[in-house]
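Colleague: here is a sequence together with a model predicted from it:
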Amino acid sequence: MGDSATHSRRNSDVGLPSTPQSYTGADKEVYNSERKQYLQQKKKKKELKKSNQYHSGIVIKEGVLKVRSTLRNWHKFHAVVRPGVLELYKFGNKDHWYGTVLLLGNELSLRPTKKEGEAFKITAGHGQDIFGRGPEGQTYSNMYILPHDHCILRVTDEEERQSWITALEKAKEVEDTRDDVFLAGPSEVSSAIAKRQARRSFSVGTIDMADNPMAPDIDLANFTASDIEMNGVVEETRYANGPVREPSGESEPKDEAQMTTLTEDQHSSLWESLEMVPKESSMAKLRAPTFMLDPHTTVDKLSGLFCHAYILKEAGKLQDEKSRFLGVVKWFFSSLTRKIAGAKIPMPSIQNEVFRCCFDDPSLASTPDYSRTHFISEQISTNPPVSAVFATNRKDGWSCQGSIKSTSKFYGNSVEITNTGLFKVVLLGSTEQYYLTMPNILVRGLLTGCLTWELVGDCAIQCRKTGFNCDLEFLSSPSLNENARKLNLVKGSISKEGASLATVEGRWDSKVLAKFSEESDSEVLLDNNAQFRGQCLRRREVPQDELVPITPGNFCDSEAAWKSTSQAILVGNFQLADERRSAIEGTTGTSATPIFFDPDNDNEVGQESWRYKHCDLRAWDDEDGYVYEKQGVVSTMLLKDLKRNFRGASVSGQRLDSVGRMSEIMPSKASSFGGPGIEAQETANSAAPQAIIKEVAALKAELAQLRNSETKVLSRYMPLYIVLYVLFQLLLPLALSFLPTLK
């Protein structure tokens, strides 16, 4: 009675049908039939595992796999997936069997690898031997010294890995079906497997397993941010690898990259627009010709400021305040090295247009040093154009936010774009705040049709807490001769509390030096060589399926709004680009007020600026677990909540590899065998939340009732159990004393 009650309680805890006692009449017959079938299958599985004769004539998939040995060498095999097993043959000789990997009761998981390609792993349950006998009963000979309890395999790409995992998972599932399941046809196989997976999904979904004390305790010591992102335990934006728009690591920066020669028609069209603008007046109402537009918007272009954001991480680790200040100055110059190709104007962003991306270093993906820099920019206003910016990497110890307002004036042969606004960089470890202003842009050559742009004007970098200040002047070339011009010159000084410390000079697109005294050597603030350009961080963008289109009352992603216009500009179809541009510019702002930014009226400098509403300026500590972005909101998940998510995911269908990393091993789309995949089943389950809630309530009520009945039964029969136990203890010695007499 106690065993039956215990069995009932265990089944109820995981959402399975209750005990045989709850069956009556026809239900009991069904239970007896199912139990008989289960015992037959269990017996057959035991016999099959012992002899390893698994449907030897059926092939689910075959191809070439690389297998890692205990000595970490990779060996190439011809692999054949059959129901229940993965057979390995000598590469180039399919008749030479080497080993058979058992799939029954073993786990599949994804595994990162430093080698070329993608890897996955088969792990034996409870440390058992993963290898079995051959198709003809051959004994396994470990000639290549492969691990006995797991098998690591590698393929060329992600698509091939998913294909192998799908085939192996189907091979495992077939063992749970009848013998002739393959003979029934692919669609019936998929139907049987899908139903079984749906039952698994429902049984776990009915109970909150994240808080279940029986769920595995996850040790996140071996996890990196890359592991968490890859395994999807946090609901966040899934950044894809965007196109490389950073400067090439091979070519040197050239002045020609800042020049554009207009055709006669383009030159005439430009002057027709400029004739209506009085000299030295604002060009706010002038619509720039489409052929002068860059295929990226203003809020998109601002992300280029953080291509070398790792410099701020290095600055935050420095011990003295002078070195930290110089580190921020180095980052400022690095943010200017991403030039616009030619004298182009970024496409004007519309109201509440947002650009989201993140930067990372893929070479650190499998190390504890891996982190992501999240970037958010929003068009605050269109007249005058104001763009707000926020970038952060709390794990690396820095944050940056601010805004930039652009106004333009026409001077006959040139146009000057004045950039006003303020950026605030905070090093979270030292709580030092650095305020930066940006230089202006001058475009020349309107009379000749050979346009050239350069940075001009004054800007400053200052830290009120330490008293350091850097004043810079970007010089314009005085020569009208294009061949004699000296572009991109900058000079300035570094001081502390009014006392001059060093002079700054150089070219902001190639090399800038700071000289602190006549005797000392110059310190390099920027050296835009091939090595420096090769260290540019990877920019990862929001995938197409997560982009937010133009929607009333909400923000819109820049790429979703301007994608068609950008493509038309790239192929040179300016007429089509102008039509699409006009349609978008006719769209009114999606909101009268900014979505993600508020005015920053409390800054130490007193200039107009904007701050991110969800900004977190706390230094990274042991309680923080993971920084992520969702729908424009950058948040930090605490370590305890991250563990809770891992525990919930580990019970609800995902599995852990040897170090505890999560791995999704089921196919996410429709089954390659023609039937519905797991994604369809999950959609069907989530479509009826009320039914699930009712089922959970019923299960809880039944569980409580069973526990009450067990308590009553134990209290009723407990005296009888005690009496029988005492009699047994008294009579046992007496019975033993009669044994010699019987002999």
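Modeller: Thanks, I have it.
Colleague: the closest residue to residue 523 other than its chain neighbours pairs with what?
Modeller: Nearest residue to residue 523 in three dimensions, chain neighbours excluded: residue 514, at 4.8 Å (CB to CB, 6 or more residues apart in numbering). Glycine gets a C-beta too; all of them are placed from N, C-alpha and C. Assessed by DSSP bridges, residue 514 has beta-bridge partners residue 504, residue 523.
Colleague: tell me which residues touch residue 514, please.
Modeller: 326, 329, 494, 502, 503, 504, 522, 523, 524, 525 (CB atoms under 8 Å, 6 or more residues apart in numbering).
Colleague: now the helix or strand encompassing the last one: buried residues?
Modeller: What it means is residue 525. Assigning secondary structure by DSSP states H and E places residue 525 in strand 523-527. In terms of neighbour count (16 or more other CB atoms under 10 Å), strand 523-527 has its buried residues at 525, 526.
Colleague: now do stretch 401-410
Modeller: 401, 402, 403, 404, 405, 406, 408, 409, 410.
Colleague: mind checking which of these are in strands?
Modeller: Counting by DSSP state E, the buried residues of stretch 401-410 place 401, 402, 403, 404, 405, 406, 408, 409, 410 in strands.
Colleague: mind putting the residues you listed in a markdown table, pLDDT included?
Modeller: Output for these, formatted as a markdown table (pLDDT from 0 to 100):
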| residue | pLDDT |
| --- | --- |
| 401 | 95 |
| 402 | 93 |
| 403 | 93 |
| 404 | 93 |
| 405 | 91 |
| 406 | 87 |
| 408 | 82 |
| 409 | 81 |
| 410 | 78 |
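Colleague: for the residues you listed, which one is nearest residue 87?
Modeller: Proximity of those to residue 87 (CB to CB) peaks at residue 401, which lies at 58.6 Å.
Colleague: what's the nearest residue to the closest one if we skip its chain neighbours?
Modeller: The nearest residue in space to residue 401 (CB to CB, 6+ apart) is residue 390, at 4.5 Å.
Colleague: mind checking pLDDT for that neighbour?
Modeller: Reported pLDDT at residue 390 in the predicted model: 96.
Colleague: my guess is it contacts residue 380, does it?
Modeller: No - look at residue 390 against residue 380 with CB atoms under 8 Å: they stay out of range, at 11.9 Å.
Colleague: between those two, which contacts overlap?
Modeller: Common neighbours of residue 390 and residue 380 (CB under 8 Å, 6+ apart) are residue 597.
Colleague: export the strand holding residue 525 to CSV, keeping only CA atoms.
Modeller: The C-alpha trace of strand 523-527 is given here as CSV (Å, rounded to 0.1, in the frame of the first residue of the first chain):
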residue,chain,number,x,y,z
GLU,A,523,52.7,59.4,-26.1
VAL,A,524,50.6,58.0,-28.9
LEU,A,525,46.9,58.9,-28.6
LEU,A,526,46.0,57.3,-31.9
ASP,A,527,47.8,55.1,-34.4
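Colleague: what sits up against that strand?
Modeller: By CB under 8 Å, 6+ apart, strand 523-527 touches 326, 329-330, 333-334, 337, 502, 504, 506, 508, 510-516, 532.
Colleague: show me these that map onto helices.
Modeller: 326, 329, 330, 333, 334, 532 (DSSP state H).
Colleague: quick one: which of those is most hemmed in?
Modeller: For the ones in helices among the contacts of strand 523-527, the largest number of neighbours (other CB atoms under 10 Å) sits with residue 329, at 25 neighbours.
Colleague: does that one touch residue 470 like I think?
Modeller: Yes - the pair residue 329 / residue 470 is scored as a contact, 5.5 Å apart, by CB under 8 Å.
Colleague: find the residues that touch each one of these two.
Modeller: Contacts common to residue 329 and residue 470, judged by CB under 8 Å, 6+ apart, are 461, 494.
Colleague: on that earlier part again, average pLDDT across the strand holding residue 525?
Modeller: The average pLDDT for strand 523-527 rounds to 90.
Colleague: ok, now stretch 469-488?
Modeller: Rounded mean pLDDT across stretch 469-488 is 75.
Colleague: quick check: end-to-end length of that stretch?
Modeller: 22 Å (CA to CA, to the nearest Å).
Colleague: does the residue nearest to residue 401 count as helix, strand or coil?
Modeller: strand (DSSP: H, G, I helix; E, B strand; the rest coil).
Colleague: which ones are touching residue 372?
Modeller: Here residue 372 is in contact with 225, 229, 358, 359, 360, 393, 627 (CB under 8 Å, 6+ apart).
Colleague: scratch that, residue 149 is what I was asking about
Modeller: Contacts of residue 149 (CB under 8 Å, 6+ apart): 123, 124, 127, 128, 129, 130.
Colleague: how about the second one: what's its closest non-neighbour residue?
Modeller: Same thing as residue 124. For residue 124, the spatially nearest residue (CB to CB, 6+ apart) is residue 130, at 4.1 Å.
Colleague: circling back to that earlier point, in a markdown table: the ones in helices among the contacts of strand 523-527, plus pLDDT.
Modeller: A markdown table is the format used below for the ones in helices among the contacts of strand 523-527 (pLDDT from 0 to 100):
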| residue | pLDDT |
| --- | --- |
| 326 | 94 |
| 329 | 95 |
| 330 | 95 |
| 333 | 94 |
| 334 | 93 |
| 532 | 90 |
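Colleague: tabulate the residues you listed (TSV), appending distance to residue 32.
Modeller: As requested, the ones in helices among the contacts of strand 523-527 are arranged in TSV below (distance: CB to CB, whole Å):
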residue	distance to residue 32
326	81
329	81
330	78
333	80
334	75
532	76
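Colleague: nearest to residue 545 among these?
Modeller: Nearest to residue 545 among the ones in helices among the contacts of strand 523-527, with distances taken as CB to CB, is residue 334, at 33.1 Å.
Colleague: thinking the closest one is in contact with residue 314, fair?
Modeller: No - using CB under 8 Å, residue 334 is not in contact with residue 314; the gap is 11.3 Å.
Colleague: what sits against the residue nearest to residue 401?
Modeller: 375, 376, 377, 399, 400, 401, 596, 597, 612, 615, 634.
Colleague: who's in contact with residue 505?
Modeller: 489, 490, 491, 492, 512, 513.
Colleague: and what of residue 119?
Modeller: 110, 111, 112, 113, 152, 153, 154, 155, 161.
Colleague: ok, it to residue 109 distance?
Modeller: 10 Å (CB to CB, to the nearest Å).
Colleague: which residues in the stretch 51-200 of the chain form helices?
Modeller: With helices called from DSSP state H, counting those that start in this stretch, the stretch 51-200 of the chain shows them at 158-174, 186-205.
Colleague: for the longest one, what is the average pLDDT?
Modeller: Helix 186-205 shows a mean pLDDT of 39.
Colleague: please apply the same query to the shortest one.
Modeller: Helix 158-174 shows an average pLDDT of 86 in the prediction.
Colleague: how about that helix: buried residues?
Modeller: For helix 158-174, by 16+ other CB under 10 Å, it's 161-174.
Colleague: so which two of these are the farthest from each other?
Modeller: Applying CB to CB across those, the maximum distance is between 161 and 174, 20.7 Å.
Colleague: and for the nearest residue to residue 311 once chain neighbours are set aside, the neighbour number?
Modeller: Spatial nearest neighbour of residue 311, excluding adjacent residues (CB to CB, 6+ apart): residue 331 at 4.2 Å. Other residues near residue 331 number 27, with proximity taken as other CB under 10 Å.
Colleague: before we move on, what about residue 564?
Modeller: 14.
Colleague: over to the one 3 residues further on?
Modeller: Other residues near residue 567 number 14, with proximity taken as other CB under 10 Å.
Colleague: list the helices and strands the host helix or strand of it packs on?
Modeller: Taking DSSP H and E as the definition, one finds residue 567 inside helix 558-570. Using 3 or more CB pairs under 8 Å, 6 or more residues apart in numbering; DSSP states H and E, the elements in contact with helix 558-570 are strand 293-297, helix 298-301, strand 345-347, strand 353-360, helix 574-585.
Colleague: a markdown table for the ones you listed, including mean neighbour count?
Modeller: A markdown table is the format used below for the helices and strands packed on helix 558-570 (neighbours: other CB atoms under 10 Å):
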| stretch | mean neighbour count |
| --- | --- |
| strand 293-297 | 21 |
| helix 298-301 | 23 |
| strand 345-347 | 22 |
| strand 353-360 | 26 |
| helix 574-585 | 16 |
